[in-house]
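*Asks:* just coords:
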DNA sequence: CGCGGTATGCAACACGATTTGCACAACCGT
DNA sequence: ACGGTTGTGCAAATCGTGTTGCATACCGCG
């Protein structure tokens, strides 16, 4: 900026005022400055602005794996809102819960490299204690999954309990009486809630815990078959595990949905293009991202205490992998 | 930091030296300072460091849609390397080529909010001129798709020409003689190259241009069928369009691969789980991301001119959607 | 005892933009 | 003509860190 000022024959102060308009400047001077700024393609150095203002104009998003369908959608929603508010978005991968990585974005918060963080966890966190420490005095929002030990931190979740009930009801209406559950991480609240809600309809349903990956659904289904477990329907806690389970069932010569009905969760893109299309519970991941970002901005910019947790609805989508029970 | 210094009874300078070790400090003093730092959980404010050092420790990644499988993989690779080098990664969505959005991350470069940019384009860029301007004097690497007008900018691409040849060869070996191509954006170099290379094997192949989305493959296949075009094999420029085309074929009662063989490109996850599994050309998107990031760091930190464009190999993966021609 | 070298620490400055306090001029109203 | 207001601009301070020049004290050696 000094260069602009020198060239215009005024002080840097005047240049700043001319551009911001916070104090009256001679219109003629303004015009001259603007011309020079235009010529040089001058833009204020962000580091200077940041230091002065104390704000970074950047928020962070912590996700286990940005390449994953699930977290990609969340990221998209967050990015959308961040962009709308003229904020930058830094992505922090937490793959494998590498403690060094986790430390990195906690430090970003502490060093004020970002103004706030949308935190997404898919397994029970390893460094929960540190998160607790950092959470005080920093702007954090939990997306998709709340953390029990930090109830005062705003979160954006979905009505997974209701979703599980819809699944139970749907399968009951189809006449099924013996169900198995291929559940998510045992430590997650959303897993516990879904297991409990589903039990309202199938109190004795056998429940196995997986890791949300296709392979896991495949293997757990293998275990069920190997042990001659009797069931006519499966509730998988996400679509990938449902797909893996279906693959395993087919390999065993069991038809879906004729012999066994399968229900997934999340409604991934693939659910519609596979055949038969997957019956599942739709979660609007992009909206979770959007809402999380908005909530974070409430924390950062809004009145203290104005940020509130929210719970988004889910929706049962009946497609081709569920059918009436037949003996 | 001033607070730490005051508490330790020394100047801020000493604290800085004690922590960085760039000048000898009394070990006793160091110990005292470290204890206080530990207590307060002090971390240097990043804005100060940035202003002082002139570096941001952040690189940018511009992608059309972070939620898309394709770009998510690239992002993952970039994030991996950025993290390895202790850099942050900001994501810039360029969805719909919204000019305001594009301006935003060009400005991030200009304002030195980021040290460099990995730029991914999936369509012919709207604001190419601006990119040309910004590219001078900034650190940019093109990922996945080079830009003809900027040959001096390093890029990381794949041997798509070779990939198309492998497809042509494979289909020829199966005895096919009439092919159609469902191509990508007409303006992309990778599209042109693949069309040309495939023509070496099927010189008269009818070529239709799509937008890389499933719907586009579906619709273009519909056009082909409606016009009674005769063909026994299809080369789609990505897997999503291939999947759309297969869906449309099935709806018309045409079997894949018995009646028509279909080959895709990219090798998306779904390709293996659909049935029959999709014959395709594998591109290692994560590696493209990794390599792009490494190349960018060569530009930023390496010897001037040390950054070189690279071309990664592709690989034909024969699965179930291709079969010998039968009359 | 004096000299040079080393250990140790402080004050001052730089990075770049913005804001505040102050000064000078022109102009208006009484 | 004089006090007050408004327009216009500059110098200086601020944000937080890292570095450099300088000063002091201490030690070893001749």
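*Replies:* All right, it came through fine. What you are looking at is a predicted structure, and each value in this text was computed from that prediction instead of being measured.
*Asks:* doesn't residue A:160 make contact with residue A:311?
*Replies:* No - under the criterion of Cβ atoms under 8 Å, residue A:311 is not in contact with residue A:160, lying 9.3 Å apart. Where C-beta positions appear, they are placed from N, C-alpha and C, glycine not excepted.
*Asks:* Who has more neighbours out of these two?
*Replies:* For the pair residue A:311 and residue A:160, the greater number of neighbours falls to residue A:160 (25 against 15), based on other Cβ atoms under 10 Å in any protein chain shown.
*Asks:* Could I get the contacting residues of that one?
*Replies:* A:190, A:193-194, A:197, A:265, A:314 (Cβ atoms under 8 Å, 6 or more residues apart in numbering or on different chains).
*Asks:* tell me which parts of the stretch 201-327 of chain A are close to chain B?
*Replies:* For the stretch 201-327 of chain A, the residues in contact with chain B (Cβ under 8 Å from any Cβ of the partner chain) are A:214, A:243, A:247, A:270, A:273-275, A:286.
*Asks:* Any regions of the stretch 1-150 of chain A where pLDDT drops low?
*Replies:* For the stretch 1-150 of chain A, the stretches with pLDDT under 70 are A:96-97, A:122-129.
*Asks:* which bits of it sit near chain B?
*Replies:* Residues of the stretch 1-150 of chain A lying near chain B (Cβ under 8 Å from any Cβ): A:41, A:43-48, A:50-51, A:54, A:56, A:58, A:65-69, A:72-73, A:75-76, A:79-80, A:83, A:86, A:88-93, A:101, A:104, A:107-108, A:110-113, A:133.
*Asks:* which of those come close to DNA strand D?
*Replies:* A:51, A:54 (Cβ under 7 Å from any atom of the strand).
*Asks:* What about the residues of the stretch 1-150 of chain A next to chain B, which are in helices?
*Replies:* Among the residues of the stretch 1-150 of chain A next to chain B, the members falling in helices (DSSP state H) are A:46-48, A:50-51, A:69, A:72-73, A:75-76, A:79-80, A:83, A:101, A:104, A:107-108, A:110, A:133.
*Asks:* Can I get the buried part of those as one ChimeraX selection?
*Replies:* Remark: buried members of these, expressed as a ChimeraX selection using 16 or more other Cβ atoms under 10 Å in any protein chain shown:
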select /A:46,47,50,51,69,72,73,75,76,79,80,83,101,104,108,110
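*Asks:* Cross-check the ones in helices among the residues of the stretch 1-150 of chain A next to chain B against DNA strand C and keep the overlap.
*Replies:* Filtering those for proximity to DNA strand C by Cβ under 7 Å from any atom of the strand leaves A:47-48, A:51.
*Asks:* and chain A, what are its domains?
*Replies:* What automatic domain parsing lists as the domains of chain A is A:2-44, A:57-158+A:285-313, A:160-283.
*Asks:* Dump these to CSV, plus distance to residue B:256.
*Replies:* As requested, those are arranged in CSV below (distance: least, Cβ to Cβ, whole Å):
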stretch, distance to residue B:256
domain A:2-44, 54
domain A:57-158+A:285-313, 25
domain A:160-283, 12
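*Asks:* neighbours around residue A:111, how many?
*Replies:* Under the neighbour criterion other Cβ under 10 Å, residue A:111 is assigned a count of 17.
*Asks:* what's near enough to touch the closest residue to it other than its chain neighbours?
*Replies:* Ranked by Cβ to Cβ, 6 or more residues apart in numbering or on different chains and with sequence neighbours excluded, the top spatial neighbour of residue A:111 is residue B:46, at 4.2 Å. Neighbour list for residue B:46: A:56, A:108, A:111-113, B:57 [criterion: Cβ under 8 Å, 6+ apart].
*Asks:* Quick check: the farthest pair among those?
*Replies:* Across these, the longest distance by Cβ to Cβ is 13.2 Å; it joins A:112 and B:57.
*Asks:* Now do the same for the residue in the stretch 201-327 of chain A that DNA strand C sits nearest to: its pLDDT.
*Replies:* DNA strand C sits closest to residue A:301 of the stretch 201-327 of chain A, with a gap of 16.4 Å, by Cβ to the nearest atom of the strand. At residue A:301, the model reports a pLDDT of 89.
*Asks:* measure it to residue B:198 for me?
*Replies:* 53 Å (Cβ to Cβ, to the nearest Å).
*Asks:* Among those two, which residue is more densely surrounded?
*Replies:* The neighbour count for residue A:301 versus residue B:198, taken as other Cβ under 10 Å, is higher for residue B:198 (26 against 14).
*Asks:* Apart from its chain neighbours, what residue comes closest to the residue most central in space within chain A?
*Replies:* Per Cα atoms, centre = their mean, the C-alpha nearest to the average position across chain A is that of residue A:74, at 4.0 Å. For residue A:74, ignoring the flanking residues on the chain, the nearest one in space by Cβ to Cβ, 6+ apart is residue A:289 at 4.1 Å.
*Asks:* wait, what's in contact with the one you found?
*Replies:* A:73-81, A:118, A:143.
*Asks:* DNA strand D: which of these is nearest?
*Replies:* Closest approach to DNA strand D among these (Cβ to the nearest atom of the strand): residue A:118, at 24.9 Å.
*Asks:* in which helix or strand would I find that closest one?
*Replies:* If you go by DSSP states H and E, residue A:118 is part of strand A:116-119.
*Asks:* That strand - contacts with which helices or strands?
*Replies:* Contacts defined by 3 or more Cβ pairs under 8 Å, 6 or more residues apart in numbering or on different chains; DSSP states H and E place strand A:116-119 against strand A:58-63, helix A:99-110, strand A:140-143, helix A:285-301.
*Asks:* Name the strands paired with it and say parallel or antiparallel.
*Replies:* Strand A:116-119 pairs in its sheet with strand A:58-63 (parallel), strand A:140-143 (parallel), by DSSP bridges.
*Asks:* neighbouring contacts of it?
*Replies:* Under the criterion Cβ under 8 Å, 6+ apart, residues A:59-62, A:74, A:78, A:105, A:108-109, A:131, A:138-143, A:289, A:292-293, A:296-297, A:299-300 lie in contact with strand A:116-119.
*Asks:* Could I get the full set of helices for the stretch 201-327 of chain A?
*Replies:* Counting by DSSP state H, counting those that start in this stretch, the stretch 201-327 of chain A has helices at residues A:214-226, A:239-251, A:270-273, A:285-301.
*Asks:* one step back: closest one of the ones next to DNA strand C among the ones in helices among the residues of the stretch 1-150 of chain A next to chain B to DNA strand D?
*Replies:* residue A:51 (4.2 Å).
*Asks:* Can you give me every residue that contacts the closest residue to that closest one other than its chain neighbours?
*Replies:* Spatial nearest neighbour of residue A:51, chain neighbours left out: residue B:47 (4.3 Å); criterion: Cβ to Cβ, 6+ apart. The neighbourhood of residue B:47, defined by Cβ under 8 Å, 6+ apart, consists of A:47, A:50-51, A:54, A:56, A:112.
*Asks:* how close does residue B:47 get to residue A:307?
*Replies:* 24 Å.
*Asks:* what does residue A:34 give?
*Replies:* Taking Cβ to Cβ, one finds residue A:34 at 39 Å from residue A:307.
*Asks:* More neighbours: the two, which one.
*Replies:* More crowded of residue A:34 and residue A:307, by other Cβ under 10 Å: residue A:307, with 20 against 15.
*Asks:* Cross-check the contact I'm expecting between that one and residue A:298.
*Replies:* Yes - using Cβ under 8 Å, residue A:307 makes contact with residue A:298 at a distance of 3.8 Å.
*Asks:* residues bridging contact with those two, i.e. touching both?
*Replies:* In terms of Cβ under 8 Å, 6+ apart, residue A:307 and residue A:298 are both contacted by the residues residue A:154.
*Asks:* Relative to chain B, which residue of the stretch 151-300 of chain A is the closest?
*Replies:* residue A:270 (5.2 Å; Cβ to the nearest Cβ).
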